[in-house]
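J.: One predicted model, sequence on top.
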Amino acid sequence: MIGGLFIYNHKGEVLISRVYRDDIGAVQLPVSVHVVVTSLWPCRRNAVDAFRVNVIHARQQVRSPVTNIARTSFFHVKRSNIWLAAVTKQNVNAAMVFEFLYKMCDVMTAYFGKISEENIKNNFVLIYELLDEILDFGYPQNSETGALKTFITQQGIKSQTKEEQSQITSQVTGQIGWRREGIKYRRNELFLDVLESVNLLMSPQGQVLSAHVSGRVVMKSYLSGMPECKFGMNDKIVIEKQGKGTADETGKSGKQSIAIDDCTFHQCVRLSKFDSERSISFIPPDGEFELMRYRTTKDIILPFRVIPLVREVGRTKLEVKVVIKSNFKPSLLAQKIEVRIPTPLNTSGVQVICMKGKAKYKASENAIVWKIKRMAGMKESQISAEIELLPTNDKKKWARPPISMNFEVPFAPSGLKVRYLKVFEPKLNYSDHDVIKWVRYIGRSGIYETRC
Amino acid sequence: MTDSKYFTTTKKGEIFELKAELNSDKKEKKKEAVKKVIASMTVGKDVSALFPDVVNCMQTDNLELKKLVYLYLMNYAKSQPDMAIMAVNTFVKDCEDPNPLIRALAVRTMGCIRVDKITEYLCEPLRKCLKDEDPYVRKTAAVCVAKLHDINAQLVEDQGFLDTLKDLISDSNPMVVANAVAALSEIAESHPSSNLLDLNPQSINKLLTALNECTEWGQIFILDCLANYMPKDDREAQSICERVTPRLSHANSAVVLSAVKVLMKFMEMLSKDLDYYGTLLKKLAPPLVTLLSAEPELQYVALRNINLIVQKRPEILKHEMKVFFVKYNDPIYVKLEKLDIMIRLASQANIAQVLAELKEYATEVDVDFVRKAVRAIGRCAIKVEQSAERCVSTLLDLIQTKVNYVVQEAIVVIKDIFRKYPNKYESVIATLCENLDSLDEPEARAAMIWIVGEYAERIDNADELLESFLEGFHDESTQVQLQLLTAIVKLFLKKPTETQELVQQVLSLATQDSDNPDLRDRGYIYWRLLSTDPVAAKEVVLAEKPLISEETDLIEPTLLDELICYIGTLASVYHKPPSAFVEGSRGVVHKSLPPRTGSSESAESPEAAPSAGQAAEQPAVIPAQGDLLGDLLNLDLGPPVSGPPLAASSVQMGAVDLLGGGLDSLLRSDVGGSPAMGGSGFTAPGPAAPAGMGAPLGSGLGDLFDLTGGVGTLSGSYVAPKTVWLPAMKAKGLEISGTFSRQVGAISMDLVLTNKALQVMSDFAIQFNRNSFGLAPAAPLQVHAPLAPNQSVEISLPLNTVGSVMKMDPLNNLQVAVKNNIDVFYFSTLYPLHILFVEDGKMERQMFLATWKDIPNENEAQFQIKDCSLNADAVSNKLQGSNIFTIAKRNVEGQDMLYQSLKLTNGIWVLAELRIQPSNPSFTLSLKCRAPEVSQYVYQAYDAILKN
């Protein structure tokens, strides 16, 4: 299991160090960190230094998120310029360690916002307290912020009553570790966001090399008591199953249903029930959480098509013409459209003409960035640019990175539709009809690239 | 609140200040001071001097302060064990606190204080906490048992904590169950033999129930534990699989991977004909693909695992090629792994797409990635024959880019393509030659030189090209030197007239001026070959090369199976067994996949299927290849080699034909120093190297091998007593009994025909049905006179093995039809396999070693021969009588190990290792054979021979 957990700043200084197991070596550093770094005896450095020297201070780009130094394995993730490293000497479950590190980041963010050196230093007592709670002898324990916030507060512990205490412990260890009892709202309300990111890789000839949508259903629930929820969408398997009885209905709804390649659920969803009946039922955590993630690859609506044309004129000039076409209902508006056209490293000057929006050559990013605020469906727009190149004797050809695109559209490119979200709370006197429900669809570009 | 200020106090004398503050009366000040201490501790300052002062703050009802003090204690208790005792009282008291959070905190912290004296005091509170009414305390106590075990294993066993922990598996709270499982699994790992986690269908059922209810982390613990279980049969395996599959939809990737591990493992037990098997295969693909949309670090873990899964069960992801296409922004470690998987999945169906992608990648920035992409194109060519042409033209395009490392990489792979498709793409050689000057990496230079040497007859200026390399011969790496040597010899053999000088030059460079024994050895061998018998030299050096295999860098099957058992863990990320990177006893337990209990194999006797348990506990059946070889070499090279030692420099070498003389003796003293010759990859010119080496070495080995020569060959093969094959009742009065024998290479069937009817029998004839080894009568059944009632006749029917073959079940089943004047009768009998052991079944010793190593481990079967009191020599003699030849005998720690070989009439070799312990009447027989189905019958033959 995890032997220790360290948080470093970008210089490699230790901000947090928590050792769970003796085998990874003591963390007591000699007085000055700088002395250690410079006068290092390779065989005598301990875990903390080993990681700093080999990973953080390594010249080369990180070649693997798992490093083995002197029979000790280091797992690391980086958030802005903060490194989180888990250390072990055993054959641990590697996927679990990374999941835990991400979770750790989530928990910290939930407690004090952005993960930065400043915030970590300001909250180091809290972090130690959290680390003590969510990792015991290197075994991850309940790490749901909802539960943690009931008893790790940093506000000074109120003297809880016996009932409160046992409520805390039963929640932390219980089957529904993500929700506490006795939540009350005057207005029962829930928000469903279907957030999709559509990914595309297209050849210069317009052939789709790969395309998929990865979507998330994020729910914000403000519901009283312990509500039992049931979520339904236009999942092909469900629709077909239901449609068996009435033949004509199958024909109608069959078109609108979508084939989901795979989906994963928040731990509140009863997986065995999904496996047997494909119904999604759960008791939601209070507040915001990610109900499900899914992936589709069939019949994706690609909101934009990029048609590139690159012509090399001699050795010192490139002519680029890019056309974008929007491909959705004319009544809908796409927003925050950005097309990024990479330029060679030896670009000396660029002239751009575009019909719509603004385009700029950004030398520091080696790209022409073309921004359009809004664009309706079934429209077309075009940019053309002349790129002047400095003559070089570099033999290596320009790699021609793909043209990438960003946008946001008010529909789900996968075609997913929420059919219902029913709420039952048998103990309190509100019914499904009393709950105010909001549904929103947002489609964003993921990695949306066209090779040129 | 700005705690960051605690990090910035660096002035001198702060320890004193802190001391004063810690002893302050004001609570707030105390707390501040402890915070400062912790901050100093974090950045690595030594604040252990404050130990007594900090511990004094422990008795407080402020939980936050308490936690801080505990944190300090955990860090420094070990360095101040005596003072740590001061804290014990508070811990014991806290374990009785009415607040469950405090009870849990105390027991959790106490377990982290690794001081022997404290552990004694820990036992009582821990015992109470394990039975606490509050689940939060119980789940913490469960982990504490693992902590205590790590400090003092004996204490935990003596105090009976393990039993209490086992009871917690049936706890009503799922999190308690999960932590108990985690703790037990870890403890069990350090006691591989103990049956701590004795999993049975009942406890498995409990775990599966808890699986649905506990936290994501708990699910991981339980799934990892389940993976160690060995279901009784395929039905149980299937029912567990059914209950584990819902986990594939969990948002936590680790849960998914652990579930995949359980499924992959138990799938081994399911029959492939089962509908469920197909369903399961289909269910596995989507979650694996979904893992690729996780964060990059997790993607990396997933990809490393998918790499294993694709090798084990390629059918799962064969249609998912596209998801492994590299994205421009992927981190480099993800890109490299994806590329690896793409090549594994490449097939005729998707090769066009793959190639287009690879070509794209070859223009990227990262050098490693580009190289790998270029290499991948070559591997596609080798793997999918139809694509070879396109791959070659793609590679040529890439060479045109003149990017140095791309060109070099391309040349290396083109060399492999030439090996796979000889005489097909030679037209590209001209283009390759143009780039000769730009090659600066040894591998690329070596590849190019190989190409020039191999196709010397088609390259007009081959001699010039090779000569240009000779100038800096001594600056080249060994790889290039060896290759250059071989290439020039090839050139010489192809164009002897114009290249004499060149070959002499290279031979003398290699032999006289080089310090490298490998190079010298190879030089001498060529020299000697060329001078004694140029025709033989041609045959050896220009021998047809074996084709290279399609799949390169596959993980060795036994390792792969082991790694499948470690899906999700570090072992699967490193692609190494845990023993390679874990210290101490942990992880040494060797895991293996369960044996398949499907339809066909289930017929085998239980002994025949080497169960995983056996494999895990017993030491390797044959000492590692290296050991055995090492021993042999020691035995052998001990006595000094004859022949006057001659210094290399003293040999005068004029022209090629002047060779000889001292060279012979020189060669003798030199060879053997470097058994690794030709080890540098593809360069070894076919069989030349081993043959050259074998000569002087072999003679020594030969003597040793003959230790059993001439013993026992006279006694002839063992013949079993006759048994009744066809009772009179079934054959209208004809009774047939018989047996099989083998004498001096001739197999015969010895029959006794008895007439128990009332009438005379005549016109006998016999026929065999097709059988596994093609046994057939070599002559008609000769019964000279009619058989009168109550008479019997003995006949020896000669047999041969040229009849038609059909696999029988059991393998040694023989169906016989006998005809007489009354009727045709059918019966079947089993023949002992040793009648098929041929006289020339003695394998060369080196051959034996190589073959043993070559046969995969799954083909090994282990048997026990019980109640046999012979000693090793008697065994050896007895077996030799039946054409089982002892090749080597070793004594390891009092046990005699016999290494034996035998050959069946149809050419199948069986290799055996027989372990004899002087005190134990049971022998252990391990058989390795390319056709493992014969093993069981060979064992029966062994058993029969040894017991008679």
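T.: Noted; the coordinates are in hand.

J.: rest of the way, CA atoms for contacts and neighbours
T.: Noted.

J.: pLDDT weak spots in chain B?
T.: Along chain B, segments meeting pLDDT under 70 span B:1-5, B:7-13, B:192-194, B:550-552, B:584-589, B:596-716.

J.: contacting residues around whichever residue of the stretch 451-600 of chain B sits closest to chain A?
T.: Proximity to chain A, evaluated over the stretch 451-600 of chain B using Cα to the nearest Cα, is greatest for B:Thr569 at 3.9 Å. Residues near B:Thr569 by Cα atoms under 8 Å, 6 or more residues apart in numbering or on different chains: A:Asn91, A:Val92, A:Asn93, A:Ala94, A:Ala95.

J.: and of those residues, the nearest to B:Leu753?
T.: Closest approach to B:Leu753 among the contacts of B:Thr569 (Cα to Cα): A:Asn91, at 68.2 Å.

J.: In contact with the closest residue to that closest one other than its chain neighbours, which residues are there?
T.: Spatially, and ignoring its direct neighbours in sequence, A:Asn91 is nearest to B:Leu570 (5.3 Å; Cα to Cα, 6 or more residues apart in numbering or on different chains). Contacts of B:Leu570 were listed using Cα under 8 Å, 6+ apart, and they are A:Asn91, A:Val92, A:Asn93, A:Ala94, B:Pro578.

J.: Name the nearest of the residues you listed relative to A:Val19.
T.: When those are compared against A:Val19 (criterion: Cα to Cα), the nearest one is A:Val92, at 15.8 Å.

J.: Residues touching the helix or strand containing B:Ile204, excluding its own?
T.: Using DSSP states H and E, B:Ile204 sits within helix B:201-213. For helix B:201-213, the external contacting residues (Cα under 8 Å, 6+ apart) are A:175, A:270-272, B:169-170, B:174, B:177-178, B:218-219, B:222-223, B:226, B:243-244.

J.: which is the next helix or strand following that helix?
T.: helix B:216-226.

J.: Using CSV, list the CA coordinates for that next one.
T.: C-alpha atoms of helix B:216-226 as CSV (Å, rounded to 0.1, in the frame of the first residue of the first chain):
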residue,chain,number,x,y,z
GLU,B,216,-15.0,2.6,-4.0
TRP,B,217,-11.7,1.9,-2.2
GLY,B,218,-13.4,-1.0,-0.3
GLN,B,219,-14.5,-2.4,-3.6
ILE,B,220,-10.9,-2.4,-4.8
PHE,B,221,-9.7,-4.2,-1.7
ILE,B,222,-12.4,-6.8,-2.1
LEU,B,223,-11.9,-7.3,-5.8
ASP,B,224,-8.2,-7.7,-5.4
CYS,B,225,-8.8,-10.3,-2.7
LEU,B,226,-11.3,-12.1,-4.9
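
J.: where's it relative to the chain centroid, distance-wise?
T.: Computed by Cα atoms, centre = their mean, to the nearest Å, the chain-centroid distance of helix B:216-226 equals 27 Å.

J.: same thing with stretch A:198-215?
T.: On Cα atoms, centre = their mean, the centre of stretch A:198-215 falls 20 Å from the chain's centre.

J.: Of all residues in chain A, which one is nearest the centre?
T.: In chain A, the residue lying closest to the centroid (Cα atoms, centre = their mean) is A:Arg216, at 9.7 Å.

J.: which element is the residue lying closest to that one once chain neighbours are set aside on?
T.: Excluding its sequence neighbours, the residue lying closest to A:Arg216 (Cα to Cα, 6+ apart) is A:Arg293, at 4.4 Å. Using DSSP H and E, A:Arg293 falls within strand A:287-296.

J.: sorry, back to before: for the contacts of B:Thr569, pick the one with the most neighbours.
T.: A:Ala95 (28 neighbours; other Cα atoms under 10 Å in any protein chain shown).

J.: For the residue in the stretch 151-300 of chain A that chain B sits nearest to, which residues are in contact?
T.: Closest contact between the stretch 151-300 of chain A and chain B, by Cα to the nearest Cα, is at A:Thr264 (4.2 Å). Neighbouring residues of A:Thr264 by Cα under 8 Å, 6+ apart: A:Met292, A:Arg293, A:Tyr294, B:Leu248, B:Ser249, B:His250, B:Ala251.

J.: Between those, which sits nearest A:Asn429?
T.: Nearest to A:Asn429, judged by Cα to Cα, of the contacts of A:Thr264 is A:Met292 at 28.3 Å.

J.: what pairs with the closest residue to the closest one other than its chain neighbours across the strands?
T.: Closest residue in space to A:Met292, ignoring its immediate chain neighbours: A:Phe265 at 4.3 Å, by Cα to Cα, 6+ apart. Beta-bridge partners for A:Phe265, by DSSP bridges, are A:Met292, B:His250.

J.: Likewise for A:Asp193?
T.: A:Asp193 forms beta bridges with A:Val218, A:Arg440, as assigned by DSSP bridges.

J.: And for the residue in the stretch 751-900 of chain B that chain A sits nearest to, nearest residue in space, chain neighbours not counted?
T.: Using Cα to the nearest Cα, the closest approach of the stretch 751-900 of chain B to chain A is made by B:Asn857 at 24.6 Å. In space, and not counting its chain neighbours, B:Asn857 is closest to B:Thr558: 6.8 Å by Cα to Cα, 6+ apart.

J.: phi, psi of the residue nearest to B:Val824 when sequence neighbours are not counted?
T.: In space, and not counting its chain neighbours, B:Val824 is closest to B:Val818: 5.7 Å by Cα to Cα, 6+ apart. When read as degrees, to the nearest 10, the backbone of B:Val818 gives phi -120, psi 130.

J.: what does stretch B:146-157 rub up against?
T.: Stretch B:146-157 has contacts (Cα under 8 Å, 6+ apart) with A:Phe137, B:Gly111, B:Cys112, B:Arg114, B:Asp116, B:Thr119, B:Val145, B:Leu162, B:Ala183, B:Leu184, B:Glu186, B:Ile187.

J.: rerun that using 10 Å as the cut-off
T.: Contact partners of stretch B:146-157, identified using Cα atoms under 10 Å, 6 or more residues apart in numbering or on different chains, comprise A:20-22, A:136-137, B:108, B:110-116, B:119-120, B:122-123, B:126, B:141, B:143-145, B:161-163, B:165, B:179-180, B:182-187, B:190.
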